[in-house]
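S.K.: What shape does this take:
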Amino acid sequence: MAILAGLVAVLSALLAAALRRLLRQPTQAAGFFHLYTNDGGGGERVLWCAVRAVQELHPGLPCAVFTGDADASPEGLAARALDRFGVRLLSPPQVVHLNKRKWIEASTYPHFTMIGQSLGSVYLAWEALTNFTPQFYFDTSGYAFTYPLARLFGCKVISYTHYPTISSDMVGRVKQRSSMYNNNSRIAGSIWLSRCKILYYTIFSWLYGLVGSCAHLVMVNSSWTKSHIVNIWKIPERTKRVYPPCDTSALQMLPLERSTTPPVLISVAQFRPEKAHGLQLEAFALALTRLDPHFPKPKLQFVGSFRNKEDLERLQKLKDRAFELHIDELVEFHKDISYMELVQLLGRAIAGLHSMTDEHFGIVVVEYMAAGAIPIAHKSAGPMMDIVLDEDGHQTGFLASKKEEFADAIIKVLSMSEKERQEMAAASRKRAQRFSGQRFHEDFTEAVQPILLPREA
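M.R.: Numbering: from 1, shown residues only. Modelled structure (predicted):
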């Protein structure tokens, strides 16, 4: 009895402590829930540009970043924002370290990954908000299941959603039994397993819509993302399209005239499965077989960063595949380079490759265009709907979906005269100005001002 009484006392104390935390007033601050502050991708750029925008809009409002990176420090993150993305923060952000990031890593959940990661994010949000409860809770990583919890803590929930966790496109692939990185061949080959997965997706989609609707403001990065989010979360009046910040300032200064001896193609993307680097490698090899033997051999440069051991293993497989295709002497790999090094590489490239299916937006495609590298992008979602469109009646790049189509586009770029290439590059660069960091700053500020400064709205 004594043990039971003690247990009840402990549980009562924990419950009371939790209630006290929930009932206390949030701190006048903006907290950014961004668990990977070292991934080097477009999402991290959005984080730092968003922090900068909030600092400018509300100078007296402290900003904090919730991160799972153990070595993150205020000064280190501020320096990283400047070095990697060219974003100068007005002051270093406060850092709130989270110790259980493994609970949102895909490797933790071999099966039912989406629901596992979503529930894991709730655990991490609890850890975050019990340590520091900001008045404004910004989610810049897409963890919608944390929104009801943040509201319970009294936060205003502001989301910048890069892509929906689940979409009708994903359900459609399962129904069609298409094998992809998010639908393995075993499930695709089984009618029964496919039906079970459709049921799982249906239930998850309903839950996703329920938690997403808890946001006070939703910003989405593209037309494709907006259509899916409005369809699932059903809060169109609180959903705004804010194109992500693309570095079009330093890149716009690069000369359009560049050496083509040898011609260089570039591919900039994290080494993740959905980026489909293998497709680019196969297309490049195919294009080489179709080139005139007397044509200068082009080079392909892969540039990317890593999240974990699996990404490193993926890079090694790419190197092995290049060797198998007998093109390893024409393929280079650049990993974790600085922002200035990236600018230099982009300034030498005549074309940029992108092959992710349903890339929600595609910041790198805009960076190619701004740098004067003609984009060869996947024919879907953001690149198709928002980016690689004609500018003043002039073609700005190429869209492809199959290996053969990518190879054809590569050959077309390589076969252009210098005049033709520069004309297309100029039209491409002009279109890229629609997605500048300044445009993001203006649209982001306009969207969040009614919440951050309601009396001035």
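S.K.: my guess is His277 contacts Phe271, does it?
M.R.: Yes: in this structure, His277 is within contact of Phe271 by C-beta atoms under 8 Å, at 6.8 Å. To be clear about C-beta, it is placed using only N, CA and C from the backbone, and glycine gets the same treatment.
S.K.: got any residues that touch both of these two?
M.R.: Both His277 and Phe271 are in contact with 314, 318, where contact means C-beta atoms under 8 Å, 6 or more residues apart in numbering.
S.K.: Please enumerate the helices of the stretch 201-350 of the chain.
M.R.: 223-233, 277-290, 309-324, 339-346 (DSSP state H, counting those that start in this stretch).
S.K.: for those, which one sits closest to Gly76?
M.R.: Closest to Gly76 of the helices of the stretch 201-350 of the chain is helix 339-346 (C-beta to C-beta; 15.7 Å).
S.K.: Now do the helix or strand following that closest one: distance to the chain's middle.
M.R.: Next along the chain after helix 339-346, taking DSSP states H and E as the criterion, comes strand 351-353. Here strand 351-353 shows a centroid-to-chain-centroid distance of 19 Å under the convention C-alpha atoms, centre = their mean, to the nearest Å.
S.K.: In the sheet, which strands lie alongside strand 351-353, parallel or antiparallel?
M.R.: Sheet pairing of strand 351-353 (DSSP bridges) gives strand 264-268 (parallel), strand 374-378 (parallel).
S.K.: Next secondary structure element downstream of the last one?
M.R.: To tie it back to what came earlier, the one meant is strand 374-378. helix 381-382.
S.K.: Check what contacts that following helix and list those residues.
M.R.: 221-225, 357-362, 365.
S.K.: Any figure for the gap between the nearest residue in space to Thr239 that is not next to it in sequence and Met385?
M.R.: Excluding the flanking residues, the one nearest Thr239 by C-beta to C-beta, 6 or more residues apart in numbering is Val218, at 4.6 Å. When C-beta to C-beta, to the nearest Å is applied, the distance between Val218 and Met385 equals 18 Å.
S.K.: returning to what we had before: need the winner for burial among the strands paired with strand 351-353.
M.R.: Highest mean neighbour count among the strands paired with strand 351-353 (mean count of other C-beta atoms under 10 Å): strand 374-378, with a mean of 28.
S.K.: quick check: angle from that one to helix 277-290?
M.R.: Inter-element angle recorded for strand 374-378 and helix 277-290: 120 degrees (by axes from the mean of the first three to the mean of the last three C-alpha atoms, to 10 degrees).
S.K.: What's the first helix or strand after the lowest-mean-pLDDT helix or strand in the chain?
M.R.: None of the helices or strands of the chain scores lower by mean pLDDT, DSSP states H and E than helix 2-23, at a mean of 50. Next helix or strand after helix 2-23 toward the C-terminus (DSSP H and E): strand 27-33.
S.K.: That following strand pairs with which strands, and in what direction?
M.R.: Strand pairing (DSSP bridges) places strand 27-33 next to strand 63-67 (parallel), strand 134-139 (parallel).
S.K.: I'd like the distance from the helix or strand just after that strand to the chain centre, please.
M.R.: Following strand 27-33 in sequence order, the next helix or strand is helix 42-57 (DSSP H and E). Relative to the centre of its chain, helix 42-57 is centred 14 Å away, using C-alpha atoms, centre = their mean.
S.K.: Helix 42-57 relative to strand 27-33, how many degrees between them?
M.R.: On the basis of the same axes, to 10 degrees, helix 42-57 is oriented at 160 degrees to strand 27-33.
S.K.: Quick one: list the elements packing against helix 42-57.
M.R.: strand 27-33, strand 63-67, helix 74-85, strand 134-139, helix 363-371, helix 437-452 (3 or more C-beta pairs under 8 Å, 6 or more residues apart in numbering; DSSP states H and E).
S.K.: got the ones you listed as JSON lines, with distance to Ser428 and mean neighbour count columns?
M.R.: What follows is the helices and strands packed on helix 42-57, written out as JSON lines (distance: least, C-beta to C-beta, whole Å; neighbours: other C-beta atoms under 10 Å):
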{"stretch": "strand 27-33", "distance to Ser428": "32", "mean neighbour count": "22"}
{"stretch": "strand 63-67", "distance to Ser428": "34", "mean neighbour count": "25"}
{"stretch": "helix 74-85", "distance to Ser428": "22", "mean neighbour count": "17"}
{"stretch": "strand 134-139", "distance to Ser428": "32", "mean neighbour count": "26"}
{"stretch": "helix 363-371", "distance to Ser428": "4", "mean neighbour count": "29"}
{"stretch": "helix 437-452", "distance to Ser428": "17", "mean neighbour count": "18"}
